[in-house]
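Participant: need a structure here:
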Amino acid sequence: MLQEKHGFGNKSTIWLLPILNLINLLIIFAITRGASYMPKQKKQPPLFAEIIGLYVMILTTYIGVANVLIALGTMKSLGLWFLPFVILLTILLIGYMIFQQKRIKK
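Facilitator: Residues are numbered from 1 along each chain as shown. Below you'll find the model as predicted:
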């Protein structure tokens, strides 16, 4: 008789999100490193990269912590408001960046 499979992965995968966060941080740092050498009007792309990097790091950190809490049984899911919050924050971030780009072009 076949044993029932559970949806559990290898315990080492718990480190995947923190490692991806670190890689993201290093990439964003490398992109924005040259920002001090750019003329003032061209500083928007590094700022955009920093904001996107921070946004992604906050989301992946929350998801990573939630994964651990779900595994421990103290949480059942990411939460009812997680997806609407992420969608709203993404729309606001895109809107802000479009506004900034239009302001810089003037």
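
Participant: okay, CA-based contacts and neighbour counts for the rest of this
Facilitator: Fine.

Participant: mean confidence (pLDDT) on the longest helix along the chain, please.
Facilitator: Of all segments of type helix in the chain, defined using DSSP state H, the longest is helix 44-72. With pLDDT averaged residue by residue, helix 44-72 scores 77.

Participant: now do the buried residues in it.
Facilitator: For helix 44-72, the buried set under the neighbour-count rule, 16 or more other CA atoms under 10 Å, comprises 44, 46-50, 52-55, 57, 60-61, 63-64, 66-67.

Participant: okay, angle between whichever helix or strand comes after it and helix 44-72 too, please.
Facilitator: Using DSSP states H and E, the helix or strand that directly follows helix 44-72 along the chain is helix 82-105. Between the axes of helix 82-105 and helix 44-72, defined by axes from the mean of the first three to the mean of the last three CA atoms, to 10 degrees, the angle is 170 degrees.

Participant: how much space separates the most centrally placed residue in the chain from G64?
Facilitator: Nearest residue to the geometric centre of the chain (CA atoms, centre = their mean): V56, 1.2 Å. Distance, V56 to G64, by CA to CA, to the nearest Å: 12 Å.

Participant: also M97?
Facilitator: In this view, M97 and G64 are 27 Å apart by CA to CA.

Participant: try P18
Facilitator: If you go by CA to CA, the gap between P18 and G64 works out to 7 Å.

Participant: L88 now?
Facilitator: When CA to CA is the yardstick, L88 and G64 sit 21 Å from each other.

Participant: residues near I28, how many?
Facilitator: A count of nearby residues for I28, using other CA atoms under 10 Å, gives 20.

Participant: that one against G53, yeah?
Facilitator: Yes: counting by CA atoms under 8 Å, G53 is a contact partner of I28 at 6.2 Å.

Participant: and M97, what does it touch?
Facilitator: Contacts for M97 were tallied using CA atoms under 8 Å, 6 or more residues apart in numbering; they are F48.

Participant: need the pLDDT of I91.
Facilitator: Predicted confidence (pLDDT) for I91: 92.

Participant: that'll do, ta.
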